[in-house]
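A.B. asks: Got a predicted structure plus its sequence, pasted below:
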Amino acid sequence: MSTGRKHLLKVIILGDSAVGKTSLMNQYVNKRFSQQYKATIGADFLTKEVMIDEKLVTLQIWDTAGQERFQSLGVAFYRGADCCVMVYDITSVKTFESLASWKEEFLNQSNPKDSENFPFVVLGNKLDKEPDRKVPTAKSQQWCKANGDIPFYETSAKEAVNVEDAFQAIAKKALAQVKDEEDFKPNIDLKKKTDKKTGGKCC
Ligand code: G3D
Ligand code: MG
């Protein structure tokens, strides 16, 4: 049964420079892989409406504007994230090895309520460059398993492989995260009421 409530889910994309973060977002939102789009993205985020479990949700996908080089993305970027997508390039070991520090950076900056269970998704991009592969699939699978069973997809933003599926999983994870947070709400409301009583002042 639908509650009629509108869900806005914030998703952020992290990973080393040039792994294909912007390209993945463009492929998912605009169904295009092009250099032109990259140049025109000045906005902090793109949105896309998507159906999940018969609910219409709006994904707000935040991309970096190249500042990931300096790892100084600012609090606004991380604030209120419902899912964190971490991307590496299957042809670059270095970008895979950075996943751990991106995860740590995210948890430090966003400081989620339940950091043990915060939803991450890992994408190994540039699957179309299989002949140049340097990161074996099994190695990433192992890392994801050891880091809290993170869902893992290999994608190609260039050839639109697994992009739709990966973002569907991302949206699902984000929605589940929001639901978990809503479970805490009764306590928060209770606290507000208590505060009012003891606060004394009112308009
Ligand atoms: P970023 O946002 O993570 O920095 P970009 O990465 O999306 O800007 O992509 C960096 C480069 O990788 C771009 O090439 C882009 O075309 C390429 N790229 C992104 N995704 C894929 C992919 O799935 N397959 C292949 N083969 N290339 C990809 P340039 O040449 O502009 O640097
Ligand atoms: Mg980019």
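C.D. replies: All right, it came through fine. Residues are numbered from 1 along each chain as shown. Ligands and ions are numbered 1, 2, ... in the order given.
A.B. asks: and Ala18, what does it touch?
C.D. replies: Contacts of Ala18 were listed using CB atoms under 8 Å, 6 or more residues apart in numbering, and they are Asp89. No exception for glycine: its C-beta is placed from N, CA and C like everyone else's.
A.B. asks: Let's verify it: helix, strand, or coil?
C.D. replies: Judged by DSSP: H, G, I helix; E, B strand; the rest coil, the three-state class of Ala18 is coil.
A.B. asks: Give me the distance between it and ligand 2.
C.D. replies: The span separating Ala18 from ligand 2 equals 8 Å under the rule CB to the ion, to the nearest Å.
A.B. asks: To what extent is Pro151 buried, counted in neighbours?
C.D. replies: By the other CB atoms under 10 Å criterion, the neighbourhood of Pro151 contains 16 residues.
A.B. asks: That one against Gln168, yeah?
C.D. replies: No - the pair Pro151 / Gln168 is not scored as a contact, 10.7 Å apart, by CB atoms under 8 Å.
A.B. asks: Could you give the bridge partners of the closest residue in space to Leu127 that isn't next to it in sequence?
C.D. replies: Across the structure, with CB to CB, 6 or more residues apart in numbering as the measure, the residue nearest Leu127 apart from its sequence neighbours is Ser156 (4.2 Å). The residues paired with Ser156 through beta bridges, assigned by DSSP bridges, are Val161.
A.B. asks: in the chain, which residue is closest to the centre?
C.D. replies: Nearest to the centroid of the C-alpha atoms of the chain, with distances taken as CA atoms, centre = their mean, sits Cys84, at 2.9 Å.
A.B. asks: pull the CA atoms of the helix or strand harbouring it into CSV?
C.D. replies: Taking DSSP states H and E as the criterion, Cys84 maps to strand 83-89. As requested, C-alpha coordinates have been extracted for strand 83-89 and formatted as CSV (Å, rounded to 0.1, in the frame of the first residue of the first chain):
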residue,chain,number,x,y,z
CYS,A,83,23.7,6.2,0.2
CYS,A,84,27.4,6.5,-0.8
VAL,A,85,28.5,5.1,-4.1
MET,A,86,32.3,4.5,-4.4
VAL,A,87,33.7,4.1,-7.9
TYR,A,88,37.1,2.8,-9.1
ASP,A,89,38.5,1.9,-12.5
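A.B. asks: Against which helices or strands is that strand packed?
C.D. replies: Applying 3 or more CB pairs under 8 Å, 6 or more residues apart in numbering; DSSP states H and E, one finds that strand 83-89 makes contact with strand 7-14, helix 93-97, helix 99-110, strand 120-125, helix 163-182.
A.B. asks: Find the closest residue to ligand 2 in the protein.
C.D. replies: Nearest residue of the chain to ligand 2: Thr22, at 3.3 Å (CB to the ion).
A.B. asks: Over to that residue. Which of the three states is it?
C.D. replies: Counting by three-state DSSP, the backbone at Thr22 sits in helix.
A.B. asks: pretty sure it is in contact with Ile61, am I right?
C.D. replies: No - Thr22 is not in contact with Ile61 according to CB under 8 Å; the separation is 10.5 Å.
A.B. asks: Against Lys134, how distant is the nearest residue to Asp114 once chain neighbours are set aside?
C.D. replies: Closest residue to Asp114 apart from its sequence neighbours, by CB to CB, 6+ apart: Asp180 at 7.4 Å. Applying CB to CB, to the nearest Å, the value for Asp180 to Lys134 is 36 Å.
A.B. asks: I am finished for the moment; much appreciated.
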